[in-house]
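> Fold the following for me, if possible:
(chains A and B)
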Amino acid sequence: MLKKYKPFLRAGAIDTMAYRFNILIWAAITVCEVACMVFLWLAVYRSSAGGIDAEIHGFTYREMISYVVLTTIFNFVTYNNDTLWNINTDIKKGTIGNYLIKPISYRGKFSATSLGTLLTMTALFGLPLYTAALVTLGVLGFLPGLTFPAFFAHLGLFLLSGLCASLLNDTISYIFGVLCFYTSSGWGLNSLKVTLISFLSGTLLPIAFFPAGLREVLDWMPFAGMSQNPILILMMKYDLARSLGSVALSAAWIVVLELLAKFLFMHAVRKVTVQGG
Amino acid sequence: MRYVHLYFTCIKRSMISRLEYKKDTIVALFSFFFSNLCSLAALYFILQAIPTLAGYSLPEVGFFYGFSMIPIALDHLFSDEFWLVAYRRVKDGDMDMHFLRPVPVLFQVFAETFQPEGFGELILGAALITVCALNLTVTVTFGTVAALLVGAVFGAVIITSLKVAMAALAFVFKRSGPLLQVIYNFSAYAKYPLAIYPGLIRALLIFVLPFGLFISLPVDTLLYGTHNPWLLSLAIIGCSAVFFALAVWIWTLCERRYESTGS
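Numbering: from 1, shown residues only, chains lettered A, B, ... in the order given. Okay, the predicted model is just below:
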């Protein structure tokens, strides 16, 4: 008699497990990726002219592994931005019309949402993950630059630069989202945005490894502030002056990019074609 | 013969629906090239700082990287639909139509999409191999070239089989996309020479998830003659036969567990 309820029991169990399972799988993927990078870097340092203990472009292999681990956590916590997809959906479904007649700013809605996501992610995942990583790496001696109590100033600046990074990412996502007005679909634009940021922000490789000319340009671009600089502030590879400079540069770029986004939206909104309803 | 005709009819229809968003397809193609260019640039910048990577020179490492793209591209062309099956289609109960048609479901899923993006990967991989090969001095024999071709074609069969088997699990667990992702991502390991990994990972990449077997070993054989190319080709073909048979078996078993959502 109870047999007919079995499917519901199973459905309930699967539903509950779904999110936990997703996080486990995400963790598995990330561990595999980080491990691959660690093996690559170990091989690089072992193959270098100075041997495993050499310093390449200002990084020892211990610092490089710390950099890879911390950047991975940073990206997980900071970049959960759905702005581009939401704009894309609004365009495709035609719901964009509803927002254009409401007395709230379309842009402001997204900033607020992404700020909320950042706070939740930092509290829920950021704190435990950063603590675990910093303690483990510190105990292993992988973070030789860390000194107390100066670390706390750096931690503060790191959180501030993380906030800037998240806002920069949201603005850039918004700009790419507005470009969907012209292409009518977001797949291509999204992958272009992800690639652009992961390469130019130093996520793939610290900018110190780039050729001199490119490096000098990137020092003045907003991208380094989105991943490399926050991590180097946290690792205390930057002194306080340089850390403050980096945060100031990010703040200036947020203003510039917001203005750009505003002008772009003013132009794009005339192109709206609502596809059915 | 009927199936060949059917396949092309289905593919033609899928291409027509793809033309809906022309501009985005162009952006997607551009971003695909750009993303590969970035990864390559990163690898190039790293190798600038060291004489060789675990004994492999810059063009040799580039050859590994380029060759790894070929079987992945071939698989990408024909079996992209399995991602959707694993992530969404079974969960949404969107497979009903396939079960109502008098053609095997597995065939229908293959015929659902053809991804021309795979050509971009194929061209880029071939170009990279060519550029790197011109900067290498290796004695090319008929056997080593045969081993590379076998690695590319039958390697694609192995990747597709892994995809089919993992996607089939969605019939049981409703959603197997993330699991497929974990397995698939291991292909990234085969972009670099196996020599950079510890023994356990190397064994895993040869005997369990054999990306190393059909990517790294044929290239090693070409560069340094580490293996007998004919035996290696035979091993790859045998391995792909086993993987394909297992995949079809798992798919047939799991397919029976499909439940429609009834909506």
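> Report the closest residue of chain A relative to chain B.
A:Gly188 (3.2 Å; C-beta to the nearest C-beta). C-beta here means a position set from N, CA and C on the backbone, and glycine is covered the same way.
> Return the residues in contact with that residue.
Contacts for A:Gly188 (C-beta atoms under 8 Å, 6 or more residues apart in numbering or on different chains) come out as B:Asp24, B:Thr25, B:Ile26, B:Val27, B:Ala28, B:Leu29, B:Phe30, B:Ser31.
> List the contacts of the second one.
Residues counted as contacts of B:Thr25 (C-beta under 8 Å, 6+ apart) are A:Gly188, B:Arg18, B:Leu19.
> Tell me how far the first one lies from A:Val272.
Computed as C-beta to C-beta, to the nearest Å, the A:Gly188 to A:Val272 distance reads 20 Å.
> What of the second one?
The gap separating B:Arg18 from A:Val272 is 24 Å, by C-beta to C-beta.
> same question, the last one
Between B:Leu19 and A:Val272 the distance, using C-beta to C-beta, works out to 22 Å.
> higher neighbour count, those two?
The residue with more neighbours, out of B:Leu19 and A:Val272, is A:Val272; 13 against 8, by other C-beta atoms under 10 Å in any protein chain shown.
> Please give the element, helix or strand, for the residue of chain A closest to chain B.
Using DSSP states H and E, A:Gly188 sits within helix A:187-200.
> Please save the CA atoms from that helix in CSV.
This file holds the C-alpha atoms of helix A:187-200, laid out as CSV (Å, rounded to 0.1, in the frame of the first residue of the first chain):
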residue,chain,number,x,y,z
TRP,A,187,26.3,32.9,-25.2
GLY,A,188,29.1,34.4,-27.3
LEU,A,189,29.4,37.6,-25.3
ASN,A,190,29.5,35.8,-22.0
SER,A,191,32.3,33.5,-23.0
LEU,A,192,34.2,36.5,-24.5
LYS,A,193,33.8,38.4,-21.2
VAL,A,194,34.9,35.4,-19.1
THR,A,195,38.0,34.8,-21.3
LEU,A,196,39.0,38.5,-21.3
ILE,A,197,38.8,38.8,-17.5
SER,A,198,40.5,35.5,-16.7
PHE,A,199,43.5,36.3,-19.0
LEU,A,200,43.9,40.1,-18.3
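> The very next helix or strand once past that helix near chain B at all?
Next in sequence after helix A:187-200, counting helices and strands by DSSP H and E, comes helix A:212-219. No: Helix A:212-219 stays clear of chain B (C-beta under 8 Å from any C-beta of the partner chain), getting no nearer than 9.3 Å.
> phi, psi of A:Thr243?
Careful, residue A:243 is Ser; it's not Thr. Phi and psi for A:Ser243, reported as degrees, to the nearest 10, are phi -60, psi -50.
> what's near enough to touch it?
A:Ser243 makes contact with A:His154, A:Leu157, A:Ser161, A:Asn229, A:Ile233, according to C-beta under 8 Å, 6+ apart.
> what's the most distant pair in those?
Largest separation among the contacts of A:Ser243 by C-beta to C-beta: A:His154 and A:Asn229, giving 11.8 Å.
> ok, these two, which is more surrounded?
Using other C-beta under 10 Å, the more surrounded residue of A:His154 and A:Asn229 is A:Asn229, with 29 against 23.
> related to what we said a few turns ago, return the member of the contacts of B:Thr25 nearest to B:Phe186.
Checking the contacts of B:Thr25 against B:Phe186 by C-beta to C-beta gives A:Gly188 as the nearest, at 26.6 Å.
> how close does the closest one get to B:Phe45?
In terms of C-beta to C-beta, A:Gly188 sits 26 Å off from B:Phe45.
> which ones are touching A:Ala133?
By C-beta under 8 Å, 6+ apart, the contact list for A:Ala133 reads A:Val69, A:Leu70, A:Ile73.
> Compare those and tell me which is most surrounded.
Ranking these using other C-beta under 10 Å puts A:Leu70 first, with 23 neighbours.
> A:Ile231 is in contact with that one, correct?
Yes: counting by C-beta atoms under 8 Å, A:Leu70 touches A:Ile231, with 5.0 Å between them.
> quick one: buried residues of stretch B:112-120?
For stretch B:112-120, the neighbour count (16 or more other C-beta atoms under 10 Å in any protein chain shown) marks B:Glu112, B:Thr113, B:Phe114, B:Gln115, B:Gly118, B:Gly120 as buried.
> now swap in stretch B:178-188 and tell me
Buried residues in stretch B:178-188 (16+ other C-beta under 10 Å): B:Pro178, B:Leu179, B:Leu180, B:Gln181, B:Val182, B:Ile183, B:Tyr184, B:Phe186, B:Ser187, B:Ala188.
> What count of nearby residues applies to the nearest residue to the last one once chain neighbours are set aside?
Closest residue to B:Ala188 apart from its sequence neighbours, by C-beta to C-beta, 6 or more residues apart in numbering or on different chains: A:Cys36 at 6.0 Å. Using other C-beta under 10 Å, A:Cys36 has 20 neighbouring residues.
> In space, what's closest to residue 147 - neighbours in sequence excluded?
In the absence of a named chain, chain A is used. Closest residue to A:Thr147 in three dimensions, ignoring its sequence neighbours and counting by C-beta to C-beta, 6+ apart: A:Met236, at 6.9 Å.
> not what I meant, chain B
Nearest non-adjacent residue to B:Ala147, counting by C-beta to C-beta, 6+ apart: B:Pro229, 3.9 Å away.
> now that neighbour: how far from chain A?
Relative to chain A, B:Pro229 is positioned 26 Å away (C-beta to the nearest C-beta, to the nearest Å).
> residues in contact with that residue?
Applying C-beta under 8 Å, 6+ apart to B:Pro229 gives the contacts B:Thr141, B:Gly143, B:Thr144, B:Ala146, B:Ala147, B:Pro218, B:Thr221.
> pLDDT value on residue 14, please?
By default, I'm working from chain A. According to the predicted model, the pLDDT of A:Ile14 comes to 66.
> I was thinking of chain B, sorry if that wasn't clear
The confidence metric pLDDT takes the value 79 at B:Ser14.
> quick one: the helix or strand harbouring A:Leu118 to chain centroid distance?
If you go by DSSP H and E, A:Leu118 is part of helix A:106-121. Centre-to-centre, helix A:106-121 and its host chain are 14 Å apart (C-alpha atoms, centre = their mean, to the nearest Å).
> buried stuff in that helix?
For helix A:106-121, using 16+ other C-beta under 10 Å, the buried residues are A:Tyr106, A:Arg107, A:Phe110, A:Ser111, A:Ser114, A:Thr117, A:Leu118, A:Met121.
> and the gap between the fifth one and A:Asp82?
When distances are taken as C-beta to C-beta, A:Ser114 and A:Asp82 turn out to be 8 Å apart.
> Identify the contacts common to the two.
With C-beta under 8 Å, 6+ apart, A:Ser114 and A:Asp82 have no common neighbours.
> Nearest residue to B:Ala195 in space, ignoring adjacent ones along the chain?
The spatially closest residue to B:Ala195, leaving aside those adjacent along the chain, is B:Ala54, at 4.4 Å (C-beta to C-beta, 6+ apart).
> Please name every helix or strand in contact with the strand or helix carrying A:Leu159.
For A:Leu159, the enclosing helix or strand under DSSP H and E is helix A:150-183. Here helix A:150-183 touches helix A:61-78, helix A:83-93, helix A:106-121, helix A:187-200, helix A:228-234, helix A:240-268, helix B:22-48, going by 3 or more C-beta pairs under 8 Å, 6 or more residues apart in numbering or on different chains; DSSP states H and E.
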